[in-house]
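K.L.:
Output the structure for:
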Amino acid sequence: MDFNIESRNNSTVIQIQSEKLDTHIAPALKSELVLVSGKGEKNIILDLEKCQYCDSSGLSAILVANRLCKNAGGTFVLCGLNEAVERLITISQLDTVLTITGTVEDAEKMIS
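P.N.:
Numbering: from 1, shown residues only. Just a heads-up that it's a prediction; the model follows:
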């Protein structure tokens, strides 16, 4: 499994278990996000702590999560970014659109 999904009190935490969030993983992640959202979850935390690389399909999956949460009136938080992924998000100017924290714990505090 390329990611781990855990339901918490008022959010769902998705941890990427792979070093790359790319075309091999992003489609499955998007499907999972739609399923989680379809079950009524509106707060999603995406933990990229183990992820060293992200490409455009990975960014697309992140934006899908953000849109699903926003449409449901919830919160999407991205956390655990390494330098390369953080740089990509900054270059793409997504740091102005996304909520980003250092850890899952920080993300949970923002949602509760």
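K.L.:
now stretch 1-15: how far from the chain's centre is it?
P.N.:
Here stretch 1-15 is found 10 Å from its chain centre; the criterion is Cα atoms, centre = their mean, to the nearest Å.
K.L.:
and if you look at stretch 94-102?
P.N.:
Counting by Cα atoms, centre = their mean, stretch 94-102 comes out at 10 Å from the chain centroid.
K.L.:
So for it, what gets flagged as buried?
P.N.:
Using 16 or more other Cβ atoms under 10 Å as the test for burial, stretch 94-102 gives 94, 98, 99, 100, 101. (C-beta placed from N, C-alpha, C; glycine too.)
K.L.:
Would you map the helices across this structure?
P.N.:
Applying DSSP state H to the chain gives helices spanning 26-38, 56-71, 83-91, 104-111.
K.L.:
Quick one: closest of those helices to residue 19.
P.N.:
Among the helices of the chain, the nearest to residue 19 by Cβ to Cβ is helix 83-91 (10.7 Å).
K.L.:
ok and that closest one relative to helix 56-71, angle-wise?
P.N.:
Interaxial angle, helix 83-91 versus helix 56-71 (axes from the mean of the first three to the mean of the last three Cα atoms, to 10 degrees): 60 degrees.
K.L.:
what is the mean pLDDT for helix 83-91?
P.N.:
Averaged over helix 83-91, pLDDT sits at 96.
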